[in-house]
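Asker: sequence-free structure coming up:
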């Protein structure tokens, strides 16, 4: 043995949850003589990779604890000037001083208007902690509809359109292929199974088995790197043009091949609902239920009338209702798609016609429409094809149409939440045997699923856009925006004025967010936040802190965190989407908190107590976990720590096993197969025809007219069927700004937090693309660039970023790629400083650069490049 | 004629111009510019190119590895001097050669080693390690040489033995490099002949210089110097040509020397200092017109040129990419 | 006697660098020292070019160039094929480093010993305990040792290398996609042997003639 075992007096492994990205893989930490020295996965758990597998950045998480740059005491800004590159001149203060200042300030704002406080969740660093609790917390302060929520990475990080449709179609936050049974996967700007996205390593494990088993994976992506580089077939595509290809494939399937899963469409979509000429449903006056046509009975009936057999729902034809001609939506879809020929799509996307036709054919062949499969004695429709997207394709000003077009392919062949198809994470989680807490989806209006859990507001039923807007996110108007973009929009003050938003924020209470540099144009963000009282809880002083924060509180890292609630309500995007047992992991501290750092939930509770809203928070907590046992409820006037709350709630959630589960750090129980492949076991219908957008459009148009709103907001995108709209970035291309810059997720990095990790930093340097700007070799040659050249990338709005060129073959010759959020400068993070290039700052942030419906920022941008 | 020569020198030394543009008086600048010639910092080789592109050998030239370059040089020229001196039964040369090889070469070898105290262990793996064999040869040289110097015996058997040993030591550095299959430019068949002549040539120059200062102006020896120099030049050309044609990675090494990052160092160090200038001095002395000053200067340039050659051969070696 | 070897499944690998970093933690390796790496390259021309991903580590070659050139016998090959360095014998001549065509060795000198993960900010507890528990000697050469401590200890505890995590190399355990398989190349029934047979496992650059014990399948 080379290990000096005689030096070891303590050697143990502690089970916890990884906190380096939001996936929350099972992780265990080896602690020798009190020092955390190694991280692995947990073999017994399916949350994460194969066996005890864990990805590189997860393993590297160790350095979050060891980093000498960790904040050890609360800091106060002494330099009144704020801005990028300004030294905040931090001064150490005591917790008492900090909490006193914060709560006094909050109380004052509360007396005026609680909507003037902005909260963030913690996704900039990781989901290392409670998930929904920050929302509950904000609610306790009186913030409505989560409208005052911002997250650090709203643009590069999050997927408003993907989440909206994930919720509407699957009752889940995200989608993934059913790797276990699929044969054919289409990935559109997504790295599911190759390193990113929700449950990244769980998906990577399942994908690895699938590709070993011989599935075909076709990836539409501007670059052949993470997803494309591992694909069976990589199809280079221009960013933001996936809709065109998706619609052309759908058209080819429906109108040329004329093959589709009619039973599925009849039984599981709203394409059978009858619409009038104006596109709206005809509805029962009393119940407001849409009508369908029963072909057997030759009668118009309510959509959920039990007397109609699935096969008798009319898909085509024209009927009369109260003197008006009505048709099933399907007829309109079929006609609508006809305009999208492969040739047309090819011209827009640069994907060859032959490839579009090939994929359409392969899609239908592999779908095996009509086939069934028996798993564990139960019969399910078998559709081994899956079409998934995420941050890449959906992050455009036409995002909702991108996602809808990509989803349409699965809808046509009935490959939704059945073996082999496109899956949401299970839409329901039944309770732990002997426990209580469970989350079940409901069926809402028009037969559409209401997710069991969702962040921000529920995607269904939809709200009509209204004004005045109550808070800075203006979600009263942008009702489909999962997390609002408005605080980052350059013309926000104009919008606030027009939409009567009187609660201009005065304070930010943020958790580990780096929202100044991770969304879009940095200056636009600084302009907004610099006048506010900004409090952040983080483990370092990051760029946002140094630019605008007034008080900085030291948080514990996930390695020092005792958090019982880490994954409990995150089942709809963590864990395994596949047919595998449930695993729910907690975070257990493996070391003592660094310095005077405190877990943000405890800081939350303390502040709530001082501000006088703790009882409200406690009541909301009791309610959220539906605690009925009086003994276990948090009582009025009770001030518990997060751990103490956990000691009670875990008993409610896990019953008599609570203690055992707390001790081992995770719970596991059987996931019934019907909860995985639930599509035919839940009487819901997919809103493929988004009729609500017609009504929204009317409301939006009226507001715009009434307020004399002059900004460019493309209301034509409010249309029920996916349609083609040029992304803003393409519109802005010209001879000078001739390239589209886009960004992608590097497997090594979670936004910019991982840039401060020295393990990750040193391997990033070994990776050709992580810290560089990539460009197609031929394009680089034409422009006179070679590997290692330092270039400027400049957008049309005079924002530029510097970077090092790395040429690659596998990149579309019209684009340049930056892996994300480098180009950092905070003094508080010396390892991260000056590494890579920052893509976010290049994104212009006028309202026209956002998806008018979901609020996605256009994440590609017209640029010019030149040598430094 | 003189004018023409000056012009010619100007022409071929044009790469030197950049040194003039730097302030010659500034010592640091000179050091910097020399460093730049031999160890270009603007190398296009990035960490992510490691073993994906041809990857430079570094361990035996960078940082502490630089000592090995000097160690090889000293042991070899010492043996070269000894070798020459033996033919002329020149005892002072023997002593100096013996000392250079063992004391200078040996101590620099020690500086090179990570664990000098474990030097003796290097003698253990004689069965497969060229390095171990080399050490044995040096050990035998130390004993036999000491014996010869002490006894001043020049019997044919001893001479023969020591002659072979000297040649082996002269080859020692390059032979150690030559067995490394991983580095095709070292593994080239043209390495050993070059190494032998280089040791003899440099050694002979010290020998000739010693002769000249000891009064016995060795004009008779000049013919040998002329011969050695021509062979030396010829074998450098052979090394470049032969290595270039031996494999892809070896070709890459020669390209680095002739037109890549090390080209400046090669043209100034090897061509100008090591070949052109000594050739120039040799031409001046052509026909026996020898002079101690010229011999001294030629020796200095030969030293510099040969050091540059060895440095560049070590530095230009690259590993074949793995994928 | 078993002959330990490894199969790396390129098809599964997604280049997450888990192996690289896990190895660094397992052996408390100093900054910039890697016993495991991932090579990322490209072949072919747009649009049909392909990304190449090759995780590499010491191949524990049968005809190891490093063993051959070592003048002190500090580098040696165990009967089970693991190529190791005896730090107490190594004189630091670095012939092994130069001779390895796969460049899998590192000279542990004072610069490396003194290097800090957070430069200028002192050593972390991780580095301090590492130097105590897993000491290297300045002036010697270090390299991947196939986690022989885990293998030996595992066998001692009745476990089977390649099957039980505690008897297998750290990189194998950490790989989140099961792309690394460890086992006995001598045993025709072992997973590694079967994979090499069935999937036509290839050594990396067999033309170097060192007969690596690490195979790649695609």
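Answerer: Arrived safely. Fair warning: this is a prediction, and the values are worked out from it, not measured in the lab.
Asker: count of neighbours near the nearest residue to residue C:161 once chain neighbours are set aside?
Answerer: Leaving aside its sequence neighbours, residue C:161 sits nearest to residue C:167 (Cβ to Cβ, 6 or more residues apart in numbering or on different chains; 4.3 Å). Every C-beta, even on glycine, is put in place using the N, C-alpha and C of the backbone. Residue C:167: 22 surrounding residues under other Cβ atoms under 10 Å in any protein chain shown.
Asker: so residue C:167 touches residue C:156, yeah?
Answerer: No - if you go by Cβ atoms under 8 Å, residue C:167 and residue C:156 don't touch, sitting 9.1 Å apart.
Asker: quick check: neighbours shared by those two?
Answerer: The contact sets of residue C:167 and residue C:156 do not overlap (Cβ atoms under 8 Å, 6 or more residues apart in numbering or on different chains).
Asker: the residue nearest to residue C:21 when sequence neighbours are not counted: which element?
Answerer: In this structure, residue C:21 finds its nearest non-sequential neighbour in residue A:59, 4.4 Å apart by Cβ to Cβ, 6+ apart. Per DSSP states H and E: residue A:59 is located in helix A:56-60.
Asker: ok, residues contacting that helix?
Answerer: A:18, A:20-21, A:25, A:27, A:39-41, A:48, A:201, A:747-750, A:754, A:757, A:759-760, A:763, C:16-22, C:25, C:174.
Asker: now, the residues you listed that are in strands?
Answerer: Judged by DSSP state E, the contacts of helix A:56-60 include A:27, A:39-40 as members of strands.
Asker: from these, which are also near chain C?
Answerer: Filtering those for proximity to chain C by Cβ under 8 Å from any Cβ of the partner chain leaves A:39-40.
Asker: with distance to chain B and neighbour count added, can I get the ones in strands among the contacts of helix A:56-60 in CSV?
Answerer: As requested, the ones in strands among the contacts of helix A:56-60 are exported to CSV (distance: Cβ to the nearest Cβ, whole Å; neighbours: other Cβ atoms under 10 Å in any protein chain shown):
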residue, distance to chain B, neighbour count
A:27, 28, 30
A:39, 24, 25
A:40, 27, 27
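Asker: pLDDT below threshold where in chain A?
Answerer: A:1-2, A:122-129, A:145-148, A:151-157 (pLDDT under 70).
Asker: give me every residue in it lying close to chain B.
Answerer: A:765-768, A:787-788, A:806.
Asker: for PyMOL, what selects the buried ones among those?
Answerer: Those of the residues of chain A next to chain B that count as buried under 16 or more other Cβ atoms under 10 Å in any protein chain shown are selected in PyMOL with:
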select buried, chain A and resi 766+767+768+787+788+806
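Asker: from the residues of chain A next to chain B, pick out the ones that also neighbour chain C.
Answerer: Contacts with chain C within those, counted by Cβ under 8 Å from any Cβ: A:766-768.
Asker: tally of neighbours for residue B:110?
Answerer: 13.
Asker: now swap in residue B:151 and tell me
Answerer: 10.
Asker: residue A:204 too?
Answerer: 31.
Asker: coming back round to it: redo the ones next to chain C among the residues of chain A next to chain B as CSV? Include secondary structure.
Answerer: Output for these, formatted as CSV (DSSP: H, G, I helix; E, B strand; the rest coil):
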residue, secondary structure
A:766, helix
A:767, coil
A:768, coil
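Asker: closest one to residue B:207 out of these, please.
Answerer: Of all these, residue B:207 sits closest to residue A:766, with 50.6 Å by Cβ to Cβ.
Asker: show the contacting residues for the closest one.
Answerer: Residue A:766 neighbours (Cβ under 8 Å, 6+ apart): B:47-48, B:50, C:34, C:37-38.
Asker: now it: how far from residue C:97?
Answerer: Distance, residue A:766 to residue C:97, using Cβ to Cβ, to the nearest Å: 18 Å.
Asker: and for residue A:644?
Answerer: Residue A:644 is 57 Å from residue C:97, by Cβ to Cβ.
Asker: and these two? which has more neighbours close in?
Answerer: Neighbours were counted for residue A:644 and for residue C:97 using other Cβ under 10 Å; residue C:97 has more, 22 against 14.
Asker: and that one, what are its phi and psi?
Answerer: phi -60, psi -50 (degrees, to the nearest 10).
Asker: mind checking pLDDT for it?
Answerer: According to the prediction, residue C:97 has pLDDT 97.
Asker: next: the one 5 residues further on.
Answerer: The predicted local confidence for residue C:102 comes out at a pLDDT of 97.
Asker: contact partners for it?
Answerer: B:51, B:322, C:56, C:58-59, C:204-205, C:208, C:212.
Asker: and for residue A:627?
Answerer: A:436, A:633, A:648-649, A:652.
Asker: most surrounded residue in those residues?
Answerer: Of those, residue A:649 is surrounded by the most neighbours, 24 neighbours in total, counting by other Cβ under 10 Å.
Asker: ok, and the closest non-adjacent residue to that one?
Answerer: residue A:625 (5.5 Å).
Asker: you'd agree that neighbour is up against residue A:654?
Answerer: No - at 11.6 Å, residue A:625 does not count as touching residue A:654 under the criterion of Cβ under 8 Å.
Asker: ok, back up a step: nearest to residue A:64 among the ones in strands among the contacts of helix A:56-60?
Answerer: Residue A:64 has its nearest neighbour among the ones in strands among the contacts of helix A:56-60 in residue A:39, at 10.2 Å by Cβ to Cβ.
Asker: thought the closest one was touching residue A:26?
Answerer: No - with contact defined as Cβ under 8 Å, residue A:39 does not count as touching residue A:26 (10.8 Å).
Asker: now do the shared contacts for those two.
Answerer: Joint contacts of residue A:39 and residue A:26 (Cβ under 8 Å, 6+ apart) are residue A:18.
Asker: residues contacting residue B:130?
Answerer: Neighbouring residues of residue B:130 by Cβ under 8 Å, 6+ apart: B:175-176, B:178-179, C:69.
Asker: equivalent analysis for residue B:212, please.
Answerer: Residues near residue B:212 by Cβ under 8 Å, 6+ apart: B:218, B:290, B:292, B:295-296.
Asker: any idea how far residue A:583 is from chain C?
Answerer: From residue A:583 over to chain C the distance is 15 Å, taken as Cβ to the nearest Cβ, to the nearest Å.
Asker: give me the number of residues near that residue?
Answerer: Residues near residue A:583, counting by other Cβ under 10 Å: 24.
Asker: list the contacts of the host helix or strand of it.
Answerer: Taking DSSP H and E as the criterion, residue A:583 maps to strand A:582-585. With contacts defined as Cβ under 8 Å, 6+ apart, strand A:582-585 is touched by A:15-17, A:24, A:26-27, A:42, A:45-47, A:429, A:432, A:566-568, A:571, A:575-576, A:665-671.
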